[in-house]
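Q: Structure for this input, please:
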Amino acid sequence: MSLGRRPGWPFSLLSGLLPFVILLVASFLSNRPSNGSYAEWVGVSAALHEGLLVTGPIIALWAGSLGHYLANRNWLFHSQAARRRLQQLTYHVSRVALAAALAIALGQIPAWIWAAKTASWGGLDVWDVCQTIAGLAMITVLAFVGGSYLPRPPWLLLVPVATIVLLLSPRYSSRALSVIDPVQSWTSSVRFSPNPATAIYLLVFAATVVASATVLFALQGRALPLPVIGLTVACLAILAAIPFAWRPDLYILRTDPAPICELVSGTTICVHPAHANSMPVIAESVGAVNAIAGVPLVLEVTDQSAVDTFDNRVGHLIINVSPILTSVDYTSQIVLAGTGQYVCGEKYPRLEGNGEPAVNISIAVGVRLLRETGDEVGAAQMSAALLDQTPLDQITRISEDDFRRLVGSNKAVLEQCALTKVVFS
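A: Numbers count the residues shown, from 1 in each chain. Prediction:
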């Protein structure tokens, strides 16, 4: 029987087009364009292999079902020649793998277009692509071979279930397994990039798994020498055990590029190039707060992705910059730092400390600043922490000029959470 024998068109439709469309939709859903104002390539790129948690079980069911169908019609096991069986496996698995890869790529296109249009830095990482290829190859081959040995169709449900369990194993067992698992459950950051060493190791492990499954399938029905079986099992076990002793970093710190900095109303703002599109939003927040306060409320605002170490000096604010954050989010962080509320939290216990005059004054100044910027919700949340409303009543009643003099003449003590009286010159 030749390899040219194919299933009829109804089966081809069900085994090809339908899972292809389902996989394409799943790929799109696993990496939809974000709701933020722009994309970050690091997240878009990592979604290729992280998305296998969604697409992997579909691929496994697809490949497993095809293997089961062909095996039960004796289209796989009719030949005793190892070379012939190897050709059959290679042909059918490669069809599924290539179709799955195409469906995944097509499903990612909207996210790639969005990133190309809006991202200010980065691109698809070759190591993310390598990890995706490794994961796709392992899932397809193991599912196809496993499905070919299952006795009845209902047992095929075990194939995607087993795939999910294996892909989630690093999250619920040992993080060392992430080295040999394409789904690493890692929160992407522009400050880090995939570790080439672990990506290469995953490729080696995947190649070993694929080769072992292929050879054992091709030689099925023969009395395999125990040394061959033992060597195969030992090799896989050693490769799976090495990460537990090695425990490498899955991602490594980027040393480049240099941050983008801008001076706004006396405050220096520095962001990672991937967050360049957030600069106008942060600048708007800084400018609005400084205009109301009459002085630069903080000297520096720095994107945490643009620094190696967090310097929490007074007047130097390190913030989390993200495409989903708005000017309101940045304003609240600037106000909290500029009015010394972070320092208050360190100097005084949370509950008893709110009875301290300096804490209440810092909160009261912050409430007025947020109200002036239009953030009534944030102001209400901040004022809820007040135990003494007197400072807020005093600060609310004074004029804009008096408020600026209060903040300007007492800025040094205010940001140290040491202003104990509402006085201004």
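Q: Listing request: residues of the chain with sub-threshold pLDDT.
A: 1-15, 74-82, 220-225, 312, 349-355, 424-425 (pLDDT under 70).
Q: Next, the buried residues of the lengthiest helix in it.
A: Secondary structure of the chain per DSSP state H: the longest helix is helix 82-118. The neighbour-count check on helix 82-118 (16 or more other C-beta atoms under 10 Å) flags 85, 88-89, 92-93, 96-97, 99-101, 103-104, 107-108, 111-112, 114-115, 118 as buried. Every C-beta, even on glycine, is put in place using the N, C-alpha and C of the backbone.
Q: which residues touch I104?
A: In this structure, I104 makes contact with L23, L24, S27, L48, G51, T55, T132, L136, judged by C-beta atoms under 8 Å, 6 or more residues apart in numbering.
Q: redo that, cut-off 10 Å
A: 23-24, 26-28, 30-31, 48, 51-52, 55, 58-59, 132, 136 (C-beta atoms under 10 Å, 6 or more residues apart in numbering).
Q: and it, how far is that from F20?
A: 10 Å (C-beta to C-beta, to the nearest Å).
Q: how long is stretch 179-198 from one end to the other?
A: End-to-end distance for stretch 179-198, by C-alpha to C-alpha, to the nearest Å: 6 Å.
Q: Quick check: the two most widely separated of the contacts of I104?
A: Across the contacts of I104, the longest distance by C-beta to C-beta is 16.7 Å; it joins F28 and L136.
Q: Looking at those two, which is more packed in?
A: Higher neighbour count among F28 and L136: L136, with 24 against 20, using other C-beta atoms under 10 Å.
Q: Could you measure from that one over to V93?
A: Distance, L136 to V93, using C-beta to C-beta: 11 Å.
Q: now W62
A: 11 Å.
Q: hey, what's in contact with both of those two?
A: T140, A143, F144.
Q: Which helix or strand contains the last one?
A: Assigned by DSSP states H and E, F144 belongs to helix 126-149.
Q: Tell me what angle that helix forms with helix 82-118.
A: Angle of helix 126-149 versus helix 82-118, following axes from the mean of the first three to the mean of the last three C-alpha atoms, to 10 degrees, is 140 degrees.
Q: list the buried ones in the very next helix or strand once past helix 126-149?
A: Using DSSP H and E, the helix or strand that directly follows helix 126-149 along the chain is helix 158-172. Using 16+ other C-beta under 10 Å as the test for burial, helix 158-172 gives V159, P160, A162, T163, L166, L167, P170.
Q: So which elements touch helix 158-172?
A: Counting contacts by 3 or more C-beta pairs under 10 Å, 6 or more residues apart in numbering; DSSP states H and E, helix 158-172 packs against helix 52-72, helix 126-149.
Q: which helices and strands does the longest one pack with?
A: It refers to helix 126-149. Identification of packing neighbours for helix 126-149 by 3+ C-beta pairs under 10 Å, 6+ apart yields helix 41-50, helix 52-72, helix 82-118, helix 158-172, strand 192-194, helix 196-218.
Q: Including distance to L370, could the ones you listed go into CSV?
A: Shown next, in CSV, are the helices and strands packed on helix 126-149 (distance: least, C-beta to C-beta, whole Å):
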stretch, distance to L370
helix 41-50, 31
helix 52-72, 40
helix 82-118, 29
helix 158-172, 39
strand 192-194, 33
helix 196-218, 45
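Q: To T255, which of the ones you listed lies closest?
A: T255 sits nearest to strand 192-194 of all these, at 10.1 Å, using C-beta to C-beta.
Q: okay, now E284: neighbour count?
A: By the criterion of other C-beta under 10 Å, E284 has 16 neighbours.
Q: Name the residues of the helix or strand encompassing V328 that come out as buried.
A: Element membership for V328 (DSSP H and E) is helix 327-338. For helix 327-338, burial by neighbour count (16+ other C-beta under 10 Å) applies to S327, D329, Y330, T331, S332, Q333, I334, V335, L336, A337, G338.
Q: by contact count, what packs against that helix?
A: Helices and strands touching helix 327-338, by 3+ C-beta pairs under 10 Å, 6+ apart, are strand 267-271, helix 279-293, strand 300-303, strand 316-319, helix 341-347, helix 357-373, helix 376-383.
Q: the inter-axis angle of the longest one versus helix 327-338?
A: Angle, helix 357-373 to helix 327-338, by the same axes, to 10 degrees: 150 degrees.
Q: Dump helix 357-373 to CSV, keeping only the CA atoms.
A: Extracted in CSV, the C-alpha atoms of helix 357-373 (Å, rounded to 0.1, in the frame of the first residue of the first chain):
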residue,chain,number,x,y,z
PRO,A,357,-0.5,65.5,62.4
ALA,A,358,2.3,65.1,59.7
VAL,A,359,0.4,62.1,58.2
ASN,A,360,-2.9,63.9,58.0
ILE,A,361,-1.3,67.0,56.5
SER,A,362,0.4,64.9,53.8
ILE,A,363,-2.8,63.2,53.0
ALA,A,364,-4.8,66.5,53.0
VAL,A,365,-2.3,68.1,50.6
GLY,A,366,-2.5,65.0,48.3
VAL,A,367,-6.3,65.1,48.4
ARG,A,368,-6.3,68.8,47.2
LEU,A,369,-3.8,68.0,44.5
LEU,A,370,-5.9,65.2,43.1
ARG,A,371,-9.1,67.2,43.3
GLU,A,372,-7.4,70.0,41.4
THR,A,373,-6.3,67.6,38.6
